Structures are given as C-alpha cells and as structure tokens.
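[1] make a model of this:
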Amino acid sequence: MAINYTVSSDAIVTVTILQGGTPVKVLTPGELKPAGSHTVYWDGKDAYNVMVGDASYTYQIEAVSPVEPSFIASPYRSAVVVEKEAPRVTDISVIPDPYKIGAGNLTITYTPSESVSLTAKITDSAGNVVRTLLNGVARSAVPGSVTWDGKDSGGQYVAEGVYAAVISAVDNYGKTSGDYVTRFTAGYQPAISNAAISPTLFNPTDPVNNQATISFNTSHDALVTLEILNSSNAPVRTLVNGQRLAAGAQTFKWDGRDDAGTIVGDGTHYYRITAVSPTVNIFTSTIKNSFTVDKGAPAVTELTLNPDPYRLGTTTQLTVMYNLSENATVSVNIYNGTTLVRKLVQNQVQIAGYRTASWDGKDDAGSNVGEGIYTVVIRAVDSYGQYGEAQGKVAAGYLPTISSVTCSPDPFNPPLNGQAAINFTLSNDAKVTVSVLKNNVPVRTVVSGALKTAGAHTVYWDGKDDANQPVSDGPYTYQIEAVSPTVATFFSTYKVNTTVEAGNPALTDLIVSPPVVKKGAGATLMYTLSEPATVTVQIMTYQRQAVRDFPAEVKAGGGYYSLAWDTKDNFGNLVATGDYILKVSAVDKFNKTGSAELAFQAGAVPVITNAAASPGTINAAAGEQTTISFNVSERSYVTISMYDSNNLLWKTLTHYKDVTGSDTAVWDGTGNSGQTAVGLFVYKIDAASVIGNFRAQQVSGSVYVSSVPGTGGGATCTNCHTTYPVPAHPMSNCFGCHGNNEPLKDCAGCHNTAKSHTDAAVLGKFECSYCHTSKYSYKIPIHPADIDAYHATTTNMAECQNCHNPALTTEHLNRTNKVTGVKYDCYTCHGSTVAGVVYAINNKLKNCDACHATTSHQAVHNNTTFTALARDPDMDCALCHNSIISDEHTVRQNVYGVNYTCDTCHAKTAPATVQNAVYNKNKNCEACHINPATNQPTVHTKSGSPLHDSTYMLNPEVNCKQCHANNVKVEHVGRVSTTTNLAINCATCHK
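    Just a heads-up that it's a prediction; the model follows:
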C-alpha cells in the first residue's frame, strides 16, 4: 500500500502503522526529507515481518524541524483497513456439557476475528432451530458470550436430547464466516418422590399377606432400578433393572425372596430406587428406605450334641451346635430333669447361622456333675420379642476304673479254704459283673450287673461252676467288669489269674503217632496236662522195663504238649520190635502227682534173606520137588507164589503165613489147578510185618521144570492118554487146553455150527460135548442143556467172558431174541421199558449183571464188611461205595476216563495183587488197593488228588465225618503230609 504525503520544509519524518494506538511497524524511522511530496509503502507486515490480521489500522506521519527539535508539526493520522479473508469466530465453548435442563443457564462463549454482525442459535439433533439467541448483533473482535435458559422460542423447556449451539458472523464487507456448530447434551435429573413400602413389617411366609408393595413417583422419564438390600446394604433381590419408565406413579411387588428364590432372613432390609436420565447417565437420583422382614419367632434347628454319650471327668468338652434362623438374643442352659445345672450362654446377641457352645461337664459352681441324662435347652428371642426354643438330650457318665485288685488265697483249694475273696476298688459307681474263666470261657458268674458304689468291694467264690459242680484243678482267671450305670459303652475290664488246686494233676489224651511206630522213622508222643507241673515221659516194654527216659520238663500251664522220639533206647540203639507202654507222669507245685499210660507197638520193615530154591531144576514127570527156603528178619505174614514165563500167577504156595525167622515151601511143578508145563518159573516171596503191616522188599528166584508127565523121554501125549474117546485127539495143540496157553476165545466161531472149530485140526464130525467137559477142558466146559439155569447158578463170573464180549455193542449185536428170532440192535436196549434196563442206561451201568443180575452172581461179589482194616466205628462205607464189588467197579473209570469191566479184574493181564485176590476170593478193598512201594493200603485217595477234590470236597452230600474226625487234634495226629510225606504233629501247624 502507498502512503503519499507533502512537507512544507525540510523535516525529519517518521511514518508508523498503529493498531489501537499501538505501533505495529515503523515504515520511515526519523528520516530527513526535503520539502515537497513523498511516498512510502507498507507491505501489510508487522515489525516481525509477519502478515498482520484483518482489522482497522492507522498510519501516522510525524515531522520535526531539523534545526530546532522543538519545532514539531502536529502528527497526521488516517485510517486504513486490512481485509484479506472472511471473518472467523474462535474460542467457542458450551458450559456446562451436559446441560441440566431447568437447573440454570447454558453459556456459549466466542471470539470474532474482526468486527462482525453475530448470530447465535440452538438447534435440535435434526438441525431444526429451537431458539435464536442473537440475530445479526454487532460484535467487535473481542471475546463475548450468550446464555440459554433451556427453553424453546415458545418459552417451554425443551425435551432431553442432543443439541447444537450454531454461531455465524458477517463482516463489514459482507463476507460471512459460515456456521460454527458445537453439539452438547441436555437432559433432566429425574426426581423420585412419594416412595413407600407396605407393609413396613413384612412376613413373606404369611399365608395371605405374603407380598410387599413398593410405590414411588418419577418427575421425568427415567431408567429405573429397584433393589432389595439386606442389613449390610448388600443387594439380595433386583426387582427392576434399568427399565425405562415414563414420568409418573410406579408400583412393584416383592415376595420376600432373594435372587436364588430363597426367602430372606429376618431383620432390617432396605429398598433402593435409582432413577437415571435416559440421555445423561450422570443425571441420577437415588432414594433408600428401610423396612423389616420378620417371619415370626426365631427358629433353632439342626441341634447336635457331640460326643453322645458324653464322658464326664475328662478334658473333652460337649459341643452344642445349632442353626439360628435370624439374629436373636440367645441363652443355652443345661438341665438335669427340671433342675438347672449350668448356664452356658446368657442373653447373648447372635447373628443368624450356625453357632456353638461348649460344656465341660461341670455345674455353675465348678463341680463335676453326676451321671445322668441331661437336657440342653436353647432359647432365642428376636428384636420383636418373639422366641423359639430347641432341646436335646445327652447321656453323660463316667468311665469306671478298677484298681487294687487282689485275690486270696492263691492257689485256692476249695475243700480246704471254703471260699476265695476277690477284692477290688471302683473309681465311680458302676454295675459290676465278676466272672471266673477257664481258657477264656466263663465257668461261673459270681456277680452279675450289681450296682456298686465308688470305693472298695469284696466278692466271694466257692470254687463251683454255674451248675453248682466243683471245678477241676488248673489255672483260672477272675474277670471284673465295671459298667457305667448310665452309659453301657463306658466300661472297664480287669483280669487276674489264679490257680485252683484241689486234686492231683491229670494227664489225658495220650497219643502215639503213628499208632504203630516204625523203627528208625521217628514218632510223636502227645498228651494233655490239666495244670502247671513238672512232667516226665518214659517208654517201657510191656514187662514195664524202662527203655527210654526223657528229661523232665517244667510246664508253666495246663494244655496240650508233644515231644519227638527217634525210636531209640537210652543207649542210642533202635528199640526192638514189640509191644510198649508210653508213661507220662506229672508233679505239681504241691507235690501232687498224676500219671497216664498208653500201650502201642513198634515194628520194623522185614528183610527177606537167604532165599533159595533147591534143587533149581526139577523133573515133574519123575515126581521131583524143589524146596524154597528163606529167612525173614521180623515176624511177618509171608506169601510165596510161582509165576510162569509170562509172569502170570501159576501157583500160590503159601498165603499170609505167620513166619518168624527161617521157613520153607515145597513145589512139585504143578499149578493151582494141577496143570503142568515145561519151562522157567519164578518164585516171589512177599512179607508184611505182623506189627504195623510194614512190607518187605520182594525177593524172587527161578526154578526150571525140565519135564512134565507125557513129555519126558520123547513121549507124546498119546503114549499115556490111551483112553481118549476117539482114536485121534481133535487138537494137535495139547497145551491149548492142558498147558499155560490162552484158551480159544472166539466163541462165535464155534457157535455158528455144532460141528465147526477155529482150529484146523478139529474134526468136523465131533460134537462139542466130546471136548468141552469138566474132565477134558476145565477152561472151556460145555454149557449145560439149560443155559438159563447155568446163568442162574454159576458163581464164577470169570467164565462169562469165555462166551461173552465185555464190549456191550459187540456182545449184543451178535445176539438174537431166542423167542422171536429177531436180531438185537441198539434200540433193543435203548428203547426198552424194562425197569432194570432203563435204570442201567440212565446210570451208565455197563456191567453184565446190571441187567442180567442173579442172586448167586451178587452173592459171589458181595462183601458187606468192605475192609479188614481198623476204622472209626461210626464210619459207614456204604454212603459212598457199593458192597457188591462188580457193581462198585463197573461204574468207575480209570485215570484215562475208561470204564472198568469184568475183564479189568478177571483177565490174565490184571496185576498180580488182583489175581491173588480173585484166586483167594478176598473181597476186602485193601486186597487189591495197595501201594507196591510201601505195601500200605490205599483204600481212599489222599487229600489233594483230583479224585478226592472232585468227588469228596465238591460233593455237598458227602459226610466228611465218615473219614475225618471233628476234632482237629485227633484228626491231624497220625496223618501224613501229602507234600512232605512226614508225620503230622502239633509243630506242623504251631510253629
């Protein structure tokens, strides 16, 4: 901008730009200017070279004489306007924000950038003008303000919401600033009035009035929360949670329950109402008022007394626990009947919940109470004077102790002393029982449940049992029991030992195991002693000469005792075989004596020596004989048998002959049936000791038969047998019938026709009766004319298999019905209605006489005594076994599950012991059932074997007492361990 001026004379000139009298910039700083016209320029910047703002400015020209400084011309001033842009309004603010309508004015501040015409308006959230506060009002470029009372142009308070203060300015050149919009929030603070609850004393359990009504008013629309608080100001129920409600009256109901649905406890409660402006959440009002919940009298529940019963006189206390339904004033008292004994709690304020009290068993004076049934009474009174009560009973008693126990006299001799005194002292009153025990079993109750006071007492025993009989000598125990009269579980027991000594010591139950002692194998000697004593044991001969004396032993008490004997005498030598006596003697501490004796035997395994046959070869045809001699070390039962080269029994020379020392037997070469044969034969000598039946090791030797009648010197059978019924013998094999060869068995080959034979040498013209007679064929005699009569009368079942096959299917399918001529088949038996056949099939009986039995057959197999061995007199073998041994055996199986048949025993392949039994008609079980190694009977299967476990142990019908004793000592002694084969004695179990 150019500023032109003229000076009249030379002068020092200063040109300055001012704003409001304040220099902004000096354009000519005191320069000498000649008289005349001049021009100076302003670039619109201030002294700092910063562009000035739009405004009205003044330029000022000053001139001073260069000669005389006091000659100063009056300053020349003139206005100049800087106008670069439209006007601006700054520093706009709205206070307060948010604005509480009706609670004062809203102030809007501003600063125009220049002199302007200012307009200020209030608009709603939609931009509609609610109120114009300024309309083109001149305002200079200085801070200014305008206020709003919250009303619209009609003079009404506006609604809550978001509003805006809109300011605009127009400068003197018509330039406009545009709208400056500042938004703010306006709302009301809702007021709560007329809040009330009815009833103020609320019982939510009342059957009729079981709801409380809460009412109030809100001045404006509000977000309302209504809560129920407990006495600790903790919320228990929220009835309304931030719900928008219109201004006006509000009503709500409460059922007395908390948020979990449980009725609240008694006491002071509060309802709290909170109203919040829907627009401005800091504009809020809250009101809280109290009321009372009282469901009635306080309840005392879940009362427990622990421990119950309660033991008095100890440091343990009785704990009283209960549950209080509401805050109350509580008293806890202890009564004995109607008498107050102890005040545990007196008028103590307690809050609701579980509470406890303790009792030390003393009264209010600090003394221990007596035994009895005590009542605990708990009384609770609430703030409204209502009360509740609970009671519980507890049995309280003392544990009686027994002391200073003595008994006199000891030992006690009833005939001499008359009575024994039992003295004791009780700590407390008690019910007392005094008993006399023997081996922990009561024999006499002297006092039974008698009430005794605390202190010393004495009771007396006359030495008799409950049956009024004198007791036997021996150790006894006095047992004193003291029981609390109130609490039966509080009791004490005291025992003291004594000895009854009225007679001599008794020795009973003498046992020698095994009953027959085997020399060198050891034995166990056992006895029962009635009382403490010094015991001596002696082995004597039957002539009462001492053989073995055992050291005396002091036994501290009566009972069962045993000791081992090595079967040696006092000199360390084995005793001789024979009869002996076990003598046990006892001397008690009163020098009374007693003794007992038991006879037994000692035996040894016999030894056979010096066995010989002389001569070793005989000519039977010439009538020669051999003498078999031997020596046996012990008296024994001796059996001497001859066996052929096939090891089949040929002849028994002696059977169970009683022999002592040396003996002989003579054999002429013939068999049991008189048969003869050439060949090597073996004699076998068996011996079993008469005492103990101990079996000797078998001894054998051989004898050769060089010739028999009809074979010597090259002769043939016909040299002697000239009286045959036919010119020529039907069989070229003489020994088929007369020797030791097996007879012809294929009977079916003979029975197809009467004139046929399996041997090619048999002439077809001969009838069966020529050969099969008792004279010519003792092995296969001819059947009698009436075969049924023969079956009914025969007593030798071995003969059955000469004609019949023991395999039932083979035997029956070769037969035909002799009446109908129809051949037998499977259905003949399995479809039969004959009772005997049906029974045999159902019971799997496969022996012939199961269906074809005859009286004579049963008789030949019957043995009602079963055994010759000693056995318990009450043992009934028939419970498990059939006395007809054919029936007994044919229902049994061998270890391979194969059923026994007649051939099992009667065949030539049967063991020698079986053949001997059959030959000698010995039907006792032990005749065949014998252990070859030990020569001991094996009548029953031992425990632990499969047969014993399956047949006996698992069969509920088996009576174990048939074989076993019901007394452990008797049962075990004399037995042998199945695992160690050692004799069982007391030490086997009692280690």
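[2] okay, now Val659: neighbour count?
    23 (other CB atoms under 10 Å). All C-beta atoms are positioned from the backbone trio N, CA, C, and that covers glycine.
[3] same question, the one 4 residues further on
    Using other CB under 10 Å, the number of residues around Asp663 comes to 18.
[4] where does it sit: helix, strand or coil?
    Secondary structure for Asp663, judged by DSSP: H, G, I helix; E, B strand; the rest coil, is strand.
[5] count of neighbours near the closest residue to Leu598 other than its chain neighbours?
    Leaving aside its sequence neighbours, Leu598 sits nearest to Leu510 (CB to CB, 6 or more residues apart in numbering; 4.0 Å). The tally of other residues near Leu510 (other CB under 10 Å) stands at 17.
[6] and stretch 474-487, average pLDDT?
    Stretch 474-487 shows a mean pLDDT of 95.
[7] same question, stretch 117-124
    96.
[8] can you show me the strands along the stretch 251-400 of the chain?
    Per DSSP state E, counting those that start in this stretch, the stretch 251-400 of the chain carries strands over the ranges 267-276, 284-293, 300-306, 310-311, 318-324, 328-336, 339-350, 353-359, 372-381, 387-397.
[9] still on that earlier bit, was I right to think the residue nearest to Leu598 contacts Thr524?
    No - between Leu510 and Thr524 there is no contact under CB atoms under 8 Å: 11.7 Å.
[10] residue boundaries of the helices in the stretch 501-650 of the chain?
    In the stretch 501-650 of the chain, no helices are defined using DSSP state H, counting those that start in this stretch.
[11] still on that earlier bit, now the strands of the stretch 251-400 of the chain in JSON lines, with mean pLDDT and distance to Asn985?
    As requested, the strands of the stretch 251-400 of the chain are exported to JSON lines (pLDDT from 0 to 100; distance: least, CB to CB, whole Å):
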{"stretch": "strand 267-276", "mean pLDDT": "95", "distance to Asn985": "84"}
{"stretch": "strand 284-293", "mean pLDDT": "95", "distance to Asn985": "86"}
{"stretch": "strand 300-306", "mean pLDDT": "96", "distance to Asn985": "56"}
{"stretch": "strand 310-311", "mean pLDDT": "97", "distance to Asn985": "50"}
{"stretch": "strand 318-324", "mean pLDDT": "97", "distance to Asn985": "58"}
{"stretch": "strand 328-336", "mean pLDDT": "97", "distance to Asn985": "64"}
{"stretch": "strand 339-350", "mean pLDDT": "96", "distance to Asn985": "66"}
{"stretch": "strand 353-359", "mean pLDDT": "96", "distance to Asn985": "62"}
{"stretch": "strand 372-381", "mean pLDDT": "97", "distance to Asn985": "59"}
{"stretch": "strand 387-397", "mean pLDDT": "96", "distance to Asn985": "51"}
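[12] which stretch among those comes nearest Glu481?
    Closest to Glu481 of those, according to CB to CB: strand 387-397, at 15.1 Å.
[13] ok, the closest one: who's next to it in the sheet?
    Partners of strand 387-397 in the sheet, by DSSP bridges, are strand 310-311 (parallel), strand 372-381 (antiparallel).
[14] can I get the ones you listed in CSV including distance to Val129 and mean neighbour count?
    Conversion of the strands paired with strand 387-397 to CSV gives the following (distance: least, CB to CB, whole Å; neighbours: other CB atoms under 10 Å):
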stretch, distance to Val129, mean neighbour count
strand 310-311, 90, 19
strand 372-381, 71, 20
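[15] of those, which is nearest Thr670?
    The nearest among these, by CB to CB, is strand 310-311 at 99.0 Å.
[16] for the residue nearest to Pro87 when sequence neighbours are not counted, give its distance to Ala910.
    Excluding its sequence neighbours, the residue lying closest to Pro87 (CB to CB, 6+ apart) is Asp171, at 4.1 Å. For Asp171, the distance to Ala910 (CB to CB, to the nearest Å) stands at 153 Å.
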